[in-house]
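**Student:** Need a 3D model of the sequence below.
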Amino acid sequence: MIRVLIVDDESLARERLKRLLAEVEGYVCCGEAANGAEAVAKSLRLEPDIVLMDIRMPEMDGLSVAEKLMDMSRPPAVIFCTAYDQYAVAAFQVQAMGYLLKPVRREALAQALAQAGRLNRAQLSGLQRELQAADSGGDIPQYLSARTHRGIQRIEVAQIYYAMADQKYVTLYHTGGEVLVDDSLKELEERLAPQFLRVHRSALINLRYLEALRRDTRGNYSVVLRGVEQEVPVSRRMLAQVKEVLQ
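**Tutor:** Prediction:
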């Protein structure tokens, strides 16, 4: 049986998750916690395979707990649960972890459990940036408009890998291909922060796809993005910030 620790500061929410979990074959609740500090302590003691955890909790939120869990010798997979869908839906849609919107449905829980994987530091950093933006009232658009030979095309921001400037043109590289936009790279950076990070004077990347930093034999740096063959150059001026995100 796969052991699951349930973490939520609301007792009714914990009870609901326990009932739903009991209906999913192959999983068992090995314990529960009512706050972040208790979640860390019980994770160290019980060593669960998965932590099913609320994000918004007093004293220590779910993201802070996840950061501490990554220091364990065998960190559990993390599935976040939240009633807040306005700030991090796009960031949570990655294979390495799960995201459930309250009230949680049994089918959604079963799927998230089956797909649960390890949360890496780059993803956690991206989530923390999203949370900080939400707390400060920040918001990014869901779509960008691009002019093509077929007219105006809407590109979903969550599906954009990176933006690259070449002289007076900016190209968006996304899951459906590439397209030119009228915005300057500086304008895009201002509109899409903190989900996007400037890594070069000519390049802006989506942090949800950031996987690794590489250095070639000539000492030049580039970042590897999930789902993208082409590596994106990183300037030495932005190198420290990229390393901070990946740590």
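
**Student:** domain ranges for this structure?
**Tutor:** According to automatic domain parsing, the chain comprises the domains 2-135, 143-246.

**Student:** Highest mean neighbour count across the ones you listed, which stretch is it?
**Tutor:** Most buried of these, by mean neighbour count (mean count of other Cβ atoms under 10 Å): domain 2-135, with a mean of 18. From N, CA and C alone the C-beta is placed, and that goes for glycine too.

**Student:** By average pLDDT, which secondary structure element in this structure comes out worst?
**Tutor:** Taking mean pLDDT, DSSP states H and E as the measure, helix 89-92 is the helix or strand of the chain with the lowest mean score, a mean of 42.

**Student:** where does the closest residue to S11 other than its chain neighbours land on pLDDT?
**Tutor:** Nearest residue to S11, sequence neighbours excluded (Cβ to Cβ, 6 or more residues apart in numbering): A34, at 7.3 Å. Model confidence at A34, given as pLDDT, is 95.

**Student:** Check the one 10 residues further on too.
**Tutor:** According to the prediction, L44 has pLDDT 94.

**Student:** do the same with L124
**Tutor:** 60.

**Student:** and if you look at Q241?
**Tutor:** Here the pLDDT value assigned to Q241 is 87.

**Student:** same thing with A83?
**Tutor:** Looking at A83, its pLDDT stands at 73.

**Student:** wouldn't it be in contact with K102 here?
**Tutor:** Yes. With contacts counted by Cβ atoms under 8 Å, A83 reaches K102, the gap being 4.3 Å.

**Student:** low pLDDT regions in the chain?
**Tutor:** Within the chain, the stretches with pLDDT under 70 are 84-98, 117-139, 147-151, 247.

**Student:** ok, back up a step: how far away is the residue nearest to S11 from G62?
**Tutor:** 13 Å (Cβ to Cβ, to the nearest Å).

**Student:** Find the residues that touch each one of those two.
**Tutor:** Overlap of the contact sets of A34 and G62 (by Cβ atoms under 8 Å, 6 or more residues apart in numbering) consists of V7.

**Student:** returning to that earlier point: report the next helix or strand after the least confident helix or strand of the chain in sequence order.
**Tutor:** Using DSSP states H and E, the helix or strand that follows helix 89-92 in sequence is strand 98-101.

**Student:** Point out the other helices and strands that that following strand packs with.
**Tutor:** The contact analysis (3 or more Cβ pairs under 8 Å, 6 or more residues apart in numbering; DSSP states H and E) places strand 98-101 against strand 77-82, helix 89-92, helix 106-115.
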